[in-house]
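Participant: got a structure for you, letters missing:
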């Protein structure tokens, strides 16, 4: 654990936001909302479905790539991956290879397919291939799935936020949900993509800050890695075919490869971002450019898990926090 620093594990008290923290957090939310207002005003005369849903098919490759990288890299990833390493081991790090499979298939199979169809949503294909009732059924299913998914991705950051601020859990859920709904409704796809781009920079900067500070406190990342390795947290060689194994090479690479292929290949959120590019080649480039971003974000979160384990190696924080998915 840390030395004499004023960390929660030493003082027994959860550290909460100060004035600077509140200001920075408010600025992030405010800037996200401003992006939505900017594009709502800028494109106020462009009221077509194509302009709102697909940004007029004029998005640049770089912001689309950054948006693709963070669309499903939610707080569940940023909070969950470090906890996975802390509680178990690094086998889930093979996720990086599964992403390669998913991106390759999406870029060279699914993206060209949807571009040829000239659709706005993936559900239009269901109508082309089958009929209107199938399209409606598919739409209803994805709406229900999205509602359940959003409940989780709003809960995770709200739980962390409520533990370090005076804002209640429900207050955090409602506040964050309103900001996201606000800029999406006003600015459409352009606002979504550019807000994702802004937030991706915040995410990477935040992960780096935590990793660097954590490495300093634990005596360097190499030392943290050594501690984790000595206590069986560093593991990459589980090639078991036993389905009861938590994470093996096959379950992560093959299983998660197909799972992420479904997200990148046919999920409306990702397909809509891809087809907002002006051509299939640009969409493919955006998909490939997003791969390093995904790998970097995932790897940084796993590295934080290694550092977190080294920091708490001899003093598990339960007792200071009420739940394992809270932050100290």
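Facilitator: In hand now; what should we look at? Treat the numbers as computed from the prediction; the structure is a model and nothing was measured.

Participant: Tell me how many other residues surround residue 313.
Facilitator: Using other CB atoms under 10 Å, the number of residues around residue 313 comes to 17. All C-beta spots, glycine's among them, are computed from the backbone N, C-alpha and C.

Participant: so which strand or helix has it?
Facilitator: Under the criterion DSSP states H and E, no helix or strand holds residue 313.

Participant: Show me what counts as buried in stretch 130-149.
Facilitator: By neighbour count on 16 or more other CB atoms under 10 Å, the buried set for stretch 130-149 is 135, 138-139, 142.

Participant: which one of those sits closest to residue 29?
Facilitator: residue 142 (27.0 Å; CB to CB).

Participant: Which residues are in contact with the closest one?
Facilitator: By CB atoms under 8 Å, 6 or more residues apart in numbering, the contact list for residue 142 reads 123, 268.

Participant: Could you give the average pLDDT over the strand or helix carrying it?
Facilitator: Per DSSP H and E, residue 142 falls inside helix 132-164. Mean pLDDT, helix 132-164: 86.

Participant: Identify the residue nearest the geometric centre of the chain.
Facilitator: residue 73 (1.3 Å; CA atoms, centre = their mean).

Participant: coming back round to it: quick one: list the elements packing against the helix or strand that comes right after the helix holding residue 142.
Facilitator: Helices and strands here follow DSSP H and E; after helix 132-164, the next one along the chain is helix 169-217. Packing partners of helix 169-217 (3 or more CB pairs under 8 Å, 6 or more residues apart in numbering; DSSP states H and E): helix 19-42, helix 49-54, helix 61-71, helix 132-164, helix 221-230, helix 268-274, helix 280-311.

Participant: Could you list the low-pLDDT ranges of the protein?
Facilitator: Along the chain, segments meeting pLDDT under 70 span 1-14, 316-328.

Participant: how about the closest residue to residue 91 other than its chain neighbours, secondary structure?
Facilitator: Nearest non-adjacent residue to residue 91, counting by CB to CB, 6 or more residues apart in numbering: residue 247, 4.1 Å away. Secondary structure, DSSP: H, G, I helix; E, B strand; the rest coil: residue 247 is coil.

Participant: Next: residue 234.
Facilitator: coil.

Participant: backbone phi and psi for it, please?
Facilitator: Note on residue 234: its backbone torsions stand at phi -100, psi 110 [degrees, to the nearest 10].

Participant: Enumerate every residue touching it.
Facilitator: Counted by CB under 8 Å, 6+ apart, residue 234 has contacts 89-90, 225, 228, 306.

Participant: still on that earlier bit, closest to residue 99 among the buried residues of stretch 130-149?
Facilitator: Looking across the buried residues of stretch 130-149 and measuring by CB to CB, the closest to residue 99 is residue 142, at 22.1 Å.

Participant: Could you check how far that closest one is from residue 235?
Facilitator: Going from residue 142 to residue 235 by CB to CB, to the nearest Å gives 36 Å.

Participant: which residues touch residue 111?
Facilitator: Contacts of residue 111 by CB under 8 Å, 6+ apart are 274-275, 280, 283-284, 287.

Participant: My error: substitute residue 49 in the last question.
Facilitator: residue 120.

Participant: now do 10 Å
Facilitator: Counting by CB atoms under 10 Å, 6 or more residues apart in numbering, residue 49 touches 120, 188.

Participant: Relative to residue 121, how far out is it?
Facilitator: From residue 49 over to residue 121 (counting by CB to CB), the distance is 10 Å.

Participant: Next: residue 64.
Facilitator: 17 Å.

Participant: quick one, which of those two is more surrounded?
Facilitator: Just comparing residue 64 and residue 121: by other CB under 10 Å the higher neighbour count belongs to residue 64, 27 against 19.
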